[in-house]
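>>> Build me a structure from this.
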Amino acid sequence: MPEKNPLDDLMEKFSSELKYKVPLGLITNKEERHSPFDGVEIALVYYWSYKHALLQENIVTVLDKLISSNTKLTHKRLIGYMVDSVGEVLESHIYKTSPKEFVVDYVAFTFQWQYNFYEDLEKLYPHMRSFGELPQTQEAYDAVFSLLDKRYAMYFDTQNN
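Below you'll find the model as predicted:
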């Protein structure tokens with residue numbers, strides 16, 4: 001049997017524990033944004049996660065106070081919900097155990113699964129130069145939510161088979 005090298009040890013550690021330390025995505029602070037809506041794609045994941053009850057209860061409590069059910073979604077509101085509740089970086093520790101596996105494997109830039117959120121988003125909107133250009137419409141938001149729904153279902157189907 002071949003001897004393990006240091007890279008094998010690092011990859012084993014990464015796949016078992018360090019992958020949870022990699023941010024899922026971020027909203028750059030206002031001064032560094034190229035567009036006022038850079039990071040809206042990760043704010044959409046966060047909002048979708050909230051609506052699907054995937055977040056830890058303490059985060060839900062904060063969001064319940066911020067989000068009104070009759071308020072129209074906008075890029076600014078989506079970004080505000082995230083920044084005002086968890087900050088500019090979306091991390092896996094705010095998720096319940098099972099959903100955490102999905103977001104880490106699908107949303108983070110670790111490419112732990114055959115699909116990746118950012119690649120799927122580029123295919124969904126190939127004309128965009130940046131995710132901040134995502135159309136600010138309910139139809140666009142619904143398309144992203146539908147993509148997340150589809151991948152979430154696929155993820156758990158493949159895990160169970």
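>>> From the contact counts, what lies against the longest helix anywhere in the chain?
Within the chain, and with DSSP state H defining each element, the longest helix by residue count is helix 138-160. Helix 138-160 is packed against helix 40-51, helix 97-106, helix 117-124, with contacts defined by 3 or more C-beta pairs under 8 Å, 6 or more residues apart in numbering; DSSP states H and E. Where C-beta positions appear, they are placed from N, C-alpha and C, glycine not excepted.
>>> how about those, which one is nearest Asn70?
Proximity of these to Asn70 was assessed by C-beta to C-beta; the nearest stretch is helix 40-51, lying at 14.5 Å.
>>> Quick one: mean pLDDT over the closest one.
Rounded to a whole number, the mean pLDDT of helix 40-51 is 96.
>>> From the contact counts, what lies against that helix?
Counting contacts by 3+ C-beta pairs under 8 Å, 6+ apart, the secondary-structure elements packed against helix 40-51 are strand 25-26, helix 57-66, helix 75-85, strand 89-90, helix 97-106, helix 117-124, helix 138-160.
>>> change it to 7 Å
Using 3 or more C-beta pairs under 7 Å, 6 or more residues apart in numbering; DSSP states H and E as the contact criterion, the secondary-structure elements in contact with helix 40-51 are strand 25-26, helix 75-85, strand 89-90, helix 138-160.
>>> could you give the angle of that helix to helix 97-106?
Helix 40-51 and helix 97-106 are oriented at 160 degrees to each other (axes from the mean of the first three to the mean of the last three C-alpha atoms, to 10 degrees).
>>> Pull out the buried positions in helix 40-51.
Neighbour counts using 16 or more other C-beta atoms under 10 Å place Val40, Glu41, Ile42, Ala43, Leu44, Val45, Tyr46, Tyr47, Trp48, Ser49, Tyr50 of helix 40-51 among the buried residues.
>>> Closest to Lys150 out of the residues you listed?
Closest approach between the buried residues of helix 40-51 and Lys150, by C-beta to C-beta: Trp48, at 11.8 Å.
>>> So what's the residue count around the residue lying closest to Ser130 once chain neighbours are set aside?
The shortest distance from Ser130 to any non-neighbouring residue, by C-beta to C-beta, 6 or more residues apart in numbering, is to Ser35 (6.2 Å). By other C-beta atoms under 10 Å, 14 other residues sit near Ser35.
>>> Ser35 against Phe131, yeah?
No: contact between Ser35 and Phe131 fails when scored by C-beta atoms under 7 Å: they sit 9.1 Å apart.
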